[in-house]
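>>> Build me a model:
(chains A and B)
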Amino acid sequence: NAGVMQNPRHLVRRRGQEARLRCSPMKGHSHVYWYRQLPEEGLKFMVYLQKENIIDESGMPKERFSAEFPKEGPSILRIQQVVRGDSAAYFCASSPPGLAGGNEQFFGPGTRLTVL
Amino acid sequence: TQLLEQSPQFLSIQEGENLTVYCNSSSVFSSLQWYRQEPGEGPVLLVTVVTGGEVKKLKRLTFQFGDARKDSSLHITAAQPGDTGLYLCARGGATSGTYKYIFGTGTRLKVLA
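Sure thing, here's the model as predicted:
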């Protein structure tokens, strides 16, 4: 059973470009979470999605950031017009259905975004 | 904002030594998770503690949840270089009534051979 997959693992963008980060949850998992980790810091919650629904986006900046989890295909975190402050590691986690996924979230390896 | 403070922030020790790291909050939480994150990788869940006073062991790692459920500790016996990593505590998940995790500030451990 493959774990949570994220791609790309590393992404370099120039200021003003768009970044698209993909996350495929574990098989059977229907809950997806995105977190951001700045260098030398812990992880900060951004958004929680179920298939075709955004459940909680309270941690996501109001502008330039969006997320989706379509019926088919991976979850996408999209950052428009990137700025240097967006440089960070972005982690996706997934959990199985029921009770908001239970206690355990399983994390992917992350996408490291560098904005030049 | 219910913060989780971890201490120490950094710890460098020799192989074979024992160590304890702490996770503290001003709020009561119903469950707490400990994760280890290695460079370039995502966090890996080590344990979940739920009951006040609970102690869980995972080989050389001992996890304790405070009686008042406001703090937790992780003790490593006879540390090995493979224990090197970032140790994160997190609160959240279904038993805490919220599905999103709040992570602590982390303890960066380096075990020297």
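>>> Pull up the residues of chain A that are close to chain B.
Contact residues, chain A versus chain B (Cβ under 8 Å from any Cβ of the partner chain): A:4, A:31, A:33, A:35, A:41-45, A:48, A:55-56, A:59, A:91, A:93, A:95, A:99-110. For every residue, glycine as well, the C-beta is placed using N, CA and C.
>>> Show me which of the residues you listed are buried.
Listed as buried from the residues of chain A next to chain B are A:4, A:31, A:33, A:35, A:42-45, A:48, A:56, A:59, A:91, A:93, A:95, A:100-103, A:105-110; burial here means 16 or more other Cβ atoms under 10 Å in any protein chain shown.
>>> What is the neighbour count of A:Gly3?
When counting by other Cβ atoms under 10 Å in any protein chain shown, one arrives at 16 neighbours for A:Gly3.
>>> For chain A, which segments are assigned as strands?
Secondary structure of chain A (DSSP state E): strands at A:5-7, A:10-13, A:19-24, A:31-37, A:43-50, A:53-56, A:65-68, A:75-79, A:88-95, A:106-107, A:111-115.
>>> I'd like these as TSV, with mean pLDDT appended.
TSV is the format used below for those (pLDDT from 0 to 100):
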stretch	mean pLDDT
strand A:5-7	96
strand A:10-13	98
strand A:19-24	98
strand A:31-37	94
strand A:43-50	92
strand A:53-56	91
strand A:65-68	97
strand A:75-79	98
strand A:88-95	94
strand A:106-107	91
strand A:111-115	97
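>>> quick one: pLDDT of B:Glu38?
Per-residue confidence (pLDDT) for B:Glu38: 92.
>>> Tell me which residues touch it, please.
By Cβ atoms under 8 Å, 6 or more residues apart in numbering or on different chains, the contact list for B:Glu38 reads B:Val44, B:Thr84, B:Gly85, B:Leu86.
>>> What is the least confident helix or strand in chain B?
strand B:98-103 (a mean of 79; mean pLDDT, DSSP states H and E).
>>> Could you list the residues in contact with it?
With contact meaning Cβ under 8 Å, 6+ apart, strand B:98-103 is reached by A:31, A:33, A:35, A:42-45, A:48, A:55-56, A:59, A:95, A:100-101, A:105, B:2-4, B:33, B:35, B:88-93.
>>> Sheet partners, orientation included, of that strand?
Sheet pairing of strand B:98-103 (DSSP bridges) gives strand B:85-93 (antiparallel).
>>> Dump the strand it pairs with to CSV, keeping only the CA atoms.
Provided in CSV are the C-alpha atoms of strand B:85-93 (Å, rounded to 0.1, in the frame of the first residue of the first chain):
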residue,chain,number,x,y,z
GLY,B,85,15.9,14.3,13.7
LEU,B,86,13.2,16.9,14.5
TYR,B,87,10.8,15.8,17.2
LEU,B,88,7.4,17.4,17.0
CYS,B,89,4.4,17.2,19.3
ALA,B,90,1.0,18.0,17.9
ARG,B,91,-2.5,18.3,19.2
GLY,B,92,-5.6,17.6,17.2
GLY,B,93,-7.4,14.8,15.5
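>>> Report the angle between it and strand A:31-37.
140 degrees (axes from the mean of the first three to the mean of the last three Cα atoms, to 10 degrees).
>>> what does chain B put close to chain A?
So chain B meets chain A at B:31, B:33, B:35, B:40-45, B:48, B:88, B:90, B:93-95, B:98-106 (Cβ under 8 Å from any Cβ).
>>> Tell me the buried residues within those residues.
By 16+ other Cβ under 10 Å, these give B:31, B:33, B:35, B:41-43, B:45, B:48, B:88, B:90, B:93-95, B:98-106 as buried.
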